[in-house]
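J.: Starting from these lines, generate the structure:
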Amino acid sequence: MSESATAPAEARPTFAAMLRDPRLWLMTGFGFASGLPLPLSGFTLRQWLAEGHVGLGLIGLTANIGLAYSLKFLWAPVFDNAAPGVLGGLGRRRGWLLAVQPLLTIACLLMVLASPTAPSLLIAFAAILAFCSASQDTIIDAWRIETFPQAMQGTALAGYIWGYRAALLISGAGAIALATPWGWHGVFVAMAALTLIGPIVTLLAREPEATATVAHMLAEHVSFATRFARSVIEPLSEFASRRGAPVILLFIVLFRLGEALAGTMLPPFYRHLGFDRAQVAIANGPISLAAVLIGAALGGWLVARIGTGRALLITGCFQTLCMFMYVLLSYSAGIHHMLMATAVVESFSEGLADAAFITYLSSLCSRAHTATQYALLSSIAALALRTVAGLSGFMAASLGWHAFYIVTALATLPSIAVMVYLLKHYPPERRWSEQEV
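T.: Prediction:
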């Protein structure tokens, strides 16, 4: 699993020099814009539904709302190869961001028009919100990969995760806490206002330089068949032709399986254990945020220090062990300290693993097809959450909470086995040189 053969030959920038780079602060802002909508169609939505006494089966099926995050590779080629209309003067990445972000704000406001008494309408609006959010994520990911050199990708991801997790705190635990004085509709109005941070960051950011192939397609008239081949067929066939591609895809699918099953059912699980809205908000509040930010920073440092492969193995194994905290919590009804400990440990392990895992996904992308390939890989990574996790409500109802969380913890083990094989035979490699960035 040695990475000496693939480590960059040039000296890595110092950590202090990285922090002085204004792009890192913009990356943190983009992370905030990316993270804010996620709980509004996920954890926060399920909390709202649980309080509205919606059944476990339907709550579990809300995981399928996020299919947009798994299918975004289908429209990602548009962001790679088409100009964003009248906003084209801002550049390909910034122009598309400013086209998508106002739609995301509108989608958030639509949630105000529904309630758990009509769950079908509420879920439909949440699906629109998820589609807009997934589109924004695709463009932000492409901006990050094209803007930062490979040696800074781990640090850039740490900055992204800091902003991302801060947003998750606000639209997750913060929204749940504010639902008491403001009501759920007031909360979604406030969240819609916060989505306006995204366009502000976009206007402050600089447009990364397009590759020669993309610049040609944007400047010249290209037939539909040629455009489709270059934007869809070529990126997918290029990835499929690599050594170890099937094993890589299998690992990506399995990596978040246990987490997906466990996380989907947390709101009704907490209610079953007797924890009220305030206790859930506190457990997932500032202390958990601090834990995940420390984990993300440590994960970024590990990537820079020991390489992506070793960092991925260490952080993945640690996250697997931490999954058993949910099993302990299932035997701790009403014990607030155990709820807090579980949330903090799990948040730290998620931040730690995310930095290494997302860096690994980024390393797999060809610069010529950044948005399409990263959208494909991140879509596959979310596949378990958006499909199998939809059955988690039925599993919990059938198995009971104790057995259900034992199963979710054991579901992480196949990914560890595949990871060991993958890193031994197909270690991470850089897809382009620093001079190309």
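J.: CA atoms for contacts and neighbours, from now on please.
T.: Will do.
J.: buried residues in stretch 165-184?
T.: Of the residues in stretch 165-184, those buried under the neighbour-count criterion (16 or more other CA atoms under 10 Å) are 165-179, 184.
J.: hmm, I was thinking of stretch 272-281
T.: Buried positions in stretch 272-281, judged by neighbour count with 16+ other CA under 10 Å: Leu273, Phe275, Arg277, Gln279, Val280, Ala281.
J.: To which secondary structure element type does Glu238 belong?
T.: helix (DSSP: H, G, I helix; E, B strand; the rest coil).
J.: Quick check: the farthest pair among the buried residues of stretch 272-281?
T.: Taking CA to CA as the measure, the buried residues of stretch 272-281 span a maximum distance of 14.8 Å, between Leu273 and Ala281.
J.: returning to that earlier point: can the buried residues of stretch 272-281 go into a markdown table with extra columns for distance to Met152?
T.: Rendered in a markdown table, the data for those read as follows (distance: CA to CA, whole Å):
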| residue | distance to Met152 |
| --- | --- |
| Leu273 | 43 |
| Phe275 | 41 |
| Arg277 | 40 |
| Gln279 | 38 |
| Val280 | 36 |
| Ala281 | 34 |
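J.: Which strands or helices does the one helix or strand Asp137 maps to pack on?
T.: According to DSSP states H and E, Asp137 maps onto helix 119-147. Identification of packing neighbours for helix 119-147 by 3 or more CA pairs under 8 Å, 6 or more residues apart in numbering; DSSP states H and E yields helix 22-35, helix 37-40, helix 67-71, helix 76-81, helix 92-110, helix 370-381.
J.: so where is the stretch 51-200 of the chain shaky, pLDDT-wise?
T.: Residues of the stretch 51-200 of the chain meeting the criterion pLDDT under 70: none.
J.: Give me the neighbour count for Leu250.
T.: By the criterion of other CA atoms under 10 Å, Leu250 has 17 neighbours.
J.: That one: what's it in contact with?
T.: With contact set as CA atoms under 8 Å, 6 or more residues apart in numbering, Leu250 has these partners: Val418.
J.: how far away is it from Glu234?
T.: In this structure, Leu250 and Glu234 are 21 Å apart, going by CA to CA, to the nearest Å.
J.: May I have the phi/psi pair for Ala151?
T.: Backbone geometry at Ala151, expressed as degrees, to the nearest 10, gives phi -60, psi -20.
J.: phi, psi of Gly244?
T.: With angles defined as degrees, to the nearest 10, Gly244 shows backbone torsions of phi 80, psi 10.
J.: show me the contacts for it.
T.: The contact partners of Gly244, by CA under 8 Å, 6+ apart, come to Leu422, Tyr426.
J.: Could I get the buried residue list for stretch 53-73?
T.: Taking 16+ other CA under 10 Å as the neighbour-count basis, stretch 53-73 is seen to contain the buried residues 54, 56-73.
J.: Distance from the chain centre to the helix holding Asp137, please.
T.: A distance of 10 Å separates the centroid of the chain from that of helix 119-147, by CA atoms, centre = their mean, to the nearest Å.
J.: Could you list the residues in contact with the following helix or strand past that helix?
T.: Per DSSP H and E, helix 119-147 leads on to helix 153-169 as the next helix or strand towards the C-terminus. Residues from elsewhere that reach helix 153-169, judged by CA under 8 Å, 6+ apart: 18, 24-25, 27-36, 38-39, 144-145, 148, 284-286, 289, 292-293, 296-297, 299-301, 303-304, 351, 355-356, 358-359.
J.: Give me the buried subset of those.
T.: Judged by neighbour count, with buriedness set by 16+ other CA under 10 Å, the buried members of these are 24-25, 27-36, 38-39, 144-145, 148, 284-286, 289, 292-293, 296-297, 299-301, 303-304, 351, 355-356, 358-359.
J.: Near Arg243, how many other residues are there?
T.: Counted with other CA under 10 Å, the burial measure for Arg243 works out to 11 neighbours.
J.: wait, it sits on Pro428?
T.: No: counting by CA atoms under 8 Å, Pro428 is not a contact partner of Arg243; they are 11.5 Å apart.
J.: Which parts of the helix or strand encompassing Leu422 count as buried, going by neighbours?
T.: Remark: Leu422 resides in helix 413-425, with elements defined by DSSP H and E. Judged by neighbour count using 16+ other CA under 10 Å, the buried positions of helix 413-425 are Leu413, Ser415, Ile416, Val418, Met419, Val420, Tyr421, Leu422, Leu423.
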